[in-house]
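Q: quick one: sequence plus predicted model below, questions after.
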Amino acid sequence: MGITKLADLIRQDALDAVSHKDISDYSGKVIALDTSIVVNQFRTATPSLSPLTGLFFRTLTFLEHDIKPVFVFDGKPPEEKSAVLEKRAEAAGWRSANRTGAASSQTNDCLQLLKLLGVPVIQAPGDAEALCAWLVREGTVDAVASEDMDTLPFGGNILIRQLNAKKDSEVVEYSLTRLLEKLQISQEEFVDLCILLGCDYCDKIAGLGPKRALTLIQKHRTIENVVLHINRKTYPVPHFWKYKEARKIFLDAPQTVAPKLTWAEPDEEALVRLLCHVKHVKEDRVRHRMEKFRQTRKSKREEREKAKIAGGSRQSRLQEFFRVTRKREQPVEAAEPLSSKRKRPKSK
């Protein structure tokens, strides 16, 4: 679910925090992704196909654009998320939600596929979104790519949405720093705002819309003070409201160590064995995509080399130009260094 109507609120009150980009703008960047969100996207879009196929194609697209993806897997979810997980399981037609964090067969398949593609995978101690945001704050990655807005209250400095290779798709980037400046609130106050809007970890105050919630936080600064100043009949506060627990989840850093990230060449033969012989994807499709991947990456590498050579050539010509111009005779006054302490004539 993420944060209810947060994207709408940002568009209305903090548009400066949003920028629109192209996938090519992230060339050379390390991007963390919540694997479950990526997989669920493919499961929803193509329910008749294995999400492994979509994950295979999407990862190669990232690599072709010189994006370094890091896939993060969920660990054991917080107890406060149980109600939301049960609703999701019911909507998906599952018997029950996974509350233990134990890897499913599909998760294991995804792990195996990503390792064969040569990209790093990380097991989060809790929610993957929380770890993704922490990786940005630690400087391990440059941004988080996710469709959920939870990254922002978790403290992720840069959130990217709609990161795909569709020609008509525009990547949307959110800056947490600009967002807080525009809303004139702190990170702690922003977390309280997100709880009022509605999050995965507790109930919300019924009837309290985004605009009203923002005004209340800007004026009263904490949920405790907001509750003291609202009409409890108009805005009934939930019984046994666990907003403090939700606040702690957002603000506490994951208990883990920043990993060392390495990328390797995809293992085509092993990928064919997994996707074609085990998951029954057509081999021609996999082989063709791998060939396209190699050709695209080779072409982009050659383009970068040409640009580098052209840049060096331009630099050489500029240096030659300045070497000639310095030989010209100049007036003594103009040739004095900028650090000269000569006195300027006093103005009359």
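A: Now that the structure is in, tell me what you want to look at. Given the structure is predicted, the values throughout are model-derived calculations rather than measurements. Residues are numbered from 1 along each chain as shown.

Q: what are the ranges of the helices in the stretch 51-200 of the chain?
A: 51-64, 82-92, 105-116, 128-138, 176-183, 187-197 (DSSP state H, counting those that start in this stretch).

Q: who's in contact with the spatially most central residue of the chain?
A: The centre of the chain sits closest to Val144, judged by C-alpha atoms, centre = their mean, with a distance of 1.6 Å. For Val144, the contacting residues are 31-34, 129, 132-133, 135-136, 151, 156, 158-160, by C-beta atoms under 8 Å, 6 or more residues apart in numbering. In this view, the C-beta of every residue, glycine as well, is placed from N, C-alpha and C.

Q: switch to 7 Å and redo it
A: Ala32, Cys132, Ala133, Val136, Thr151, Gly156, Ile158, Leu159, Ile160 (C-beta atoms under 7 Å, 6 or more residues apart in numbering).

Q: ditto for Val39
A: Counted by C-beta under 7 Å, 6+ apart, Val39 has contacts Pro51, Leu55, Cys110.

Q: on that earlier part again, which two among the contacts of Val144 are spaced furthest apart?
A: Ala133 and Ile160 (12.5 Å; C-beta to C-beta).

Q: how far away is Glu265 from Leu208?
A: 52 Å (C-beta to C-beta, to the nearest Å).

Q: wait, I meant Asn108
A: Taking C-beta to C-beta, one finds Asn108 at 42 Å from Leu208.

Q: re the thing from before, for Ala133 and Ile160, indicate the residue with more neighbours.
A: Ala133 (29 against 25; other C-beta atoms under 10 Å).

Q: hang on, that one packs against Ile158?
A: No: using C-beta atoms under 7 Å, Ala133 makes no contact with Ile158, being 9.8 Å away.

Q: how far does stretch 268-287 stretch from start to finish?
A: 8 Å (C-alpha to C-alpha, to the nearest Å).

Q: surely Cys202 and Trp241 touch.
A: Yes: contact criterion C-beta under 7 Å: Cys202 and Trp241 qualify, at 6.4 Å.

Q: which of the contacts of Val144 has the most neighbours?
A: Cys132 (32 neighbours).

Q: who has more neighbours, Asn108 and Leu208?
A: With neighbours defined as other C-beta under 10 Å, Asn108 and Leu208 compare such that Leu208 has more, 19 against 10.

Q: which helix or strand contains that one?
A: Per DSSP states H and E, Leu208 falls between elements, in no helix or strand.

Q: could you find the closest non-adjacent residue to it?
A: Tyr235 (5.2 Å; C-beta to C-beta, 6 or more residues apart in numbering).

Q: then Arg178?
A: Ala17 (4.1 Å).

Q: state the distance from the one you found to Glu181.
A: Here Ala17 is placed at a distance of 8 Å from Glu181 (C-beta to C-beta).

Q: which of these two has more neighbours?
A: The residue with more neighbours, out of Ala17 and Glu181, is Ala17; 21 against 13, by other C-beta under 10 Å.

Q: contacting residues for that one?
A: Ile10, Tyr174, Ser175, Arg178, Leu179, Lys182.

Q: by neighbour count, which of the residues you listed wins?
A: Busiest of those [other C-beta under 10 Å] is Tyr174, holding 24 neighbours.

Q: pretty sure it contacts Ser19?
A: No: counting by C-beta under 7 Å, Tyr174 does not reach Ser19; the two are 8.3 Å apart.

Q: skip the chain neighbours and tell me the closest residue to Pro153.
A: Computed as C-beta to C-beta, 6+ apart, the closest residue to Pro153 that is not its neighbour in sequence is Cys194, at 4.3 Å.

Q: measure stretch 198-205 end to end?
A: OK, stretch 198-205 end separation, C-alpha to C-alpha: 8 Å.

Q: follow-up on the earlier one: out of the contacts of Ala17, who's nearest Cys276?
A: When the contacts of Ala17 are compared against Cys276 (criterion: C-beta to C-beta), the nearest one is Tyr174, at 38.9 Å.

Q: mind checking how far the closest one is from Glu303?
A: 30 Å.

Q: what's the mean pLDDT across the helix or strand that contains Met290?
A: Using DSSP H and E, Met290 sits within helix 283-325. Mean pLDDT, helix 283-325: 77.

Q: going forward, begin numbering at 58 instead of 1
A: Sure thing, new numbering starts at 58, so read that last one as helix 340-382.

Q: gap between the nearest residue to Leu308 once chain neighbours are set aside and Glu195?
A: Distances taken as C-beta to C-beta, 6+ apart put Val248 closest to Leu308, at 6.1 Å, once the chain neighbours are dropped. Val248 is 19 Å from Glu195, where distance means C-beta to C-beta.

Q: which of these two has more residues huddled nearby?
A: Val248 (25 against 12).

Q: wasn't Pro293 part of a strand?
A: No: per DSSP: H, G, I helix; E, B strand; the rest coil, Pro293 lies outside any strand segment and is coil.

Q: burial count for the nearest residue to it once chain neighbours are set aside?
A: Nearest residue to Pro293, sequence neighbours excluded (C-beta to C-beta, 6+ apart): Ala263, at 5.7 Å. Residues near Ala263, counting by other C-beta under 10 Å, number 10.

Q: and Ala263, which of the three is it?
A: coil.

Q: kind regards, and thank you for your time.
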